[in-house]
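Asks: Here is a sequence with its predicted model. Questions after.
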Amino acid sequence: MHICLRKIAFLAWTIFAAAIPGATHGQTAKAIVLAWDGTVSTFVDELTRQGKLPNLAKLIAGGAFADDVRPGFPSKTAPGFASLMTGAPPRVTGISGNRVPREPRADYTILDSMAGFSGAPLLAEPIWAAAQRAGKKVVISHIPAFAAESSENTVRFHGYSMIAGRDGIVTPRLSKPQPAALWNKLPASNAPALEISFAVAASKFFGLLVDDPGDEQIGYDTLLLTRSRNAEDIEVKLKSIPAGATGELFWSGPVEVKTTGERSASVYFRLFELRGDGSDFFLYFTRPARAMVIPEDALEGAGDTVRSFIGNGASILYQQGSFGRTIPSGGSGGAEARYLETVRFAQHQLMETNRWALAHLPWDLFFAYTPFPDESEHLWRGYLDPGLSTYRKEVADRLRPFLEQVYKTSDDHLGLLLADRPANTIIAVISDHGMQGANKRFAINRLLQQKGLLVIDAQGRIDLSKTKVLYPSINNGYLLINSMDRKNGIVAAEERKELARQVGELLSEVRDGDQPVVKNVYDAEIHGAEMGIGGPSGGDVYIDLVPGYDFDPRTTPEPVITQVEPYGSHGASPEQSSMRTLMLFQGPGIAAARRLQNVRIIDFAPTLSGLLGFPAPKNSSGRVLHDVSAALH
């Protein structure tokens, strides 16, 4: 009897193993996963049809693809990646936003919060933990990190956890060029050398503007950087080249700087402009970032580019106008060109990291991340949205090519992974949410104040002894009820249901002229299990705004509805089509040209687990997408 059972078990395993994609010929399938943050699937569809994303188009033609993938609620990056990697909704993962309410409730008020990325513990098992149990080797390249994420025994690049300052610019407003005095051994120059000085983090730099005798350009054409007034100590030589497609060739290598506590970090420099008479210049430097990979010896043999993280483009400086007048403000496009070059350079650093890691680290499952197009979608989606009252076609037509180029950088990133993938390797492309344009903001706390549900004291602070409901500054699209199970709470358990109903009615009555502002309201106690919302570190009442509106969490005496410059926004209900995004699988055993239906981001982890032949993460409630491969049936 035991012999028969063993034979049956062996036969069953043989049949199962043969059905696993890549399990033939004695090999186990591998997988490379590339995450594009904040991908608008309708825009992707336009670009692929126009032949502008050739690598993605190739995967779509040869793989299983969904472009209507439902994110979680709120549709934000931290909860989105937590759900993608665990197969569980925010109610289970404990990650309900990019910042989340602090726990335990008895110890913290509704004003207290912590980071949803590296602060809040991930309560669900991620796919890499399930992969490790199956004996798989895992590399995680800059995928957003969570506390208690069970990433032991993986190689984990932690770039976004190691940002140590802001990026910045240096112009004559900060340091006016002066005749170089008190210098030792000035370099050769066809014009008198001019000095500037500035600081990056805790490091001071001196710069020399010179007319390089070896450069045919007439006038000042070169910036030399050093930490002392000694030309023999020069560390960086920069040429002035306007922003453009080949601009990445003119960046410095990584330069070490000191941050708080004398810790080492690195930055890159780029000289976008230097006037020939030396009167004006424009120098940019990236955010100081410390190198961090776990385990520490994993980077042995890696070059400086792999060790020196950038992570993002200069979106804040662009938005502030520091790169020059933007197109919406009447600019020529020069500010956008400078910003786009910072995007390309950040993408380049991520690509080089992945190129090296794929070739030099042992892996069965490789996760890679890029913050694009999300970062740029935030800047420009509002201007490209014809549904907004502020839409200007001439502005949209000029901005669109820049956004197309951002998507192209992500497609190039995908192309690198395709070129470097070993045989018998599945490629997956995923995203966490979409994006929509917004040009109006709803100051919900002002409304709550007007109705007496939120009280501000004489010092302008929230009075928790009188406040029943708050839209917290963490801005996750949900209200917190100041219930008595929280520190300093005043709402009794028996009052909660009626209070939530009253708030729902109040919100449903809000109008901007004749236009309703709130589309739907969901009570987490009623809809929580079905929608995956709420929970100890989630919200109490979730709000879905009409497209074009976004939340304003301020408590200052502003109007309830204000019009603002257009921008890209996400966080809305997954029911809104603009929040939908993409998911794609291609490789051995994957169905070709197969369009997937009714896909949610929580379906990714169990499907990839099935494709690689190991059980889904323990807390996964997503479904296996059987149409991806016959082996999954």
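Replies: Good, I have the coordinates. Since this is a predicted model, take the numbers as computed values, not measurements.

Asks: Find the centremost residue of the protein, please.
Replies: In the chain, the centroid-proximal residue (CA atoms, centre = their mean) is Pro371; its distance is 4.0 Å.

Asks: Not counting its neighbours along the chain, what's nearest that residue?
Replies: Counting by CB to CB, 6 or more residues apart in numbering, Pro371 lies nearest to Asp37, which is 5.0 Å off, once chain neighbours are set aside. Just so you know, the C-beta spots here come from the backbone N, C-alpha and C atoms, and that holds for glycine as well.

Asks: Which pLDDT value belongs to Ala23?
Replies: What the model reports as pLDDT for Ala23 is 40.

Asks: Backbone dihedrals for the residue nearest to Pro371, please?
Replies: The phi/psi pair for Asp37 (degrees, to the nearest 10) reads phi -70, psi 140.

Asks: What is the burial count for it?
Replies: 22 (other CB atoms under 10 Å).

Asks: go on, Arg501?
Replies: Arg501 has 14 nearby residues by other CB under 10 Å.

Asks: I'd guess it is in a helix, am I close?
Replies: Yes - with DSSP: H, G, I helix; E, B strand; the rest coil as the criterion, Arg501 is assigned to a helix.

Asks: quick one: low-confidence ranges for the stretch 451-600 of the chain?
Replies: Along the stretch 451-600 of the chain, the model assigns pLDDT under 70 to no residue.

Asks: Mind doing that once more with 90?
Replies: Across the stretch 451-600 of the chain, the ranges flagged by pLDDT under 90 are 556-558.

Asks: still on that earlier bit, I'd like to check which residues are in contact with the residue nearest to Pro371.
Replies: Counting by CB atoms under 8 Å, 6 or more residues apart in numbering, Asp37 touches Thr77, Tyr369, Thr370, Pro371, Phe372, Pro373, Asp374, Glu375, Ser431, Asp432.

Asks: Now the third one, what are its backbone angles?
Replies: Backbone dihedrals for Thr370, given as degrees, to the nearest 10, come out at phi -140, psi 140.

Asks: distance of it from Thr222?
Replies: Counting by CB to CB, to the nearest Å, the gap from Thr370 to Thr222 is 33 Å.

Asks: neighbour-wise, which of those two wins?
Replies: Using other CB under 10 Å, the more surrounded residue of Thr370 and Thr222 is Thr370, with 25 against 20.

Asks: Output the residue ranges of the strands in the stretch 201-350 of the chain, listed in chain order.
Replies: 203-210, 222-226, 236-239, 255-258, 264-267, 269-274, 281-285, 293-294 (DSSP state E, counting those that start in this stretch).

Asks: Please look at the residue nearest to the centre of the chain and Ser315 and confirm they touch.
Replies: No - judged on CB atoms under 8 Å, Pro371 makes no contact with Ser315 at a distance of 9.4 Å.

Asks: for stretch 188-196, which positions count as buried?
Replies: For stretch 188-196, the buried set under the neighbour-count rule, 16 or more other CB atoms under 10 Å, comprises Ser189, Ala191, Ala193, Leu194, Glu195, Ile196.

Asks: ok, and what's touching it?
Replies: Where contact means CB under 8 Å, 6+ apart, the residues beyond stretch 188-196 that reach it are 170, 175-181, 183, 186-187, 206-213, 219-220, 229, 278, 281.

Asks: residues near the residue lying closest to Thr353 once chain neighbours are set aside, how many?
Replies: Excluding the flanking residues, the one nearest Thr353 by CB to CB, 6+ apart is Val306, at 4.9 Å. The tally of other residues near Val306 (other CB under 10 Å) stands at 20.
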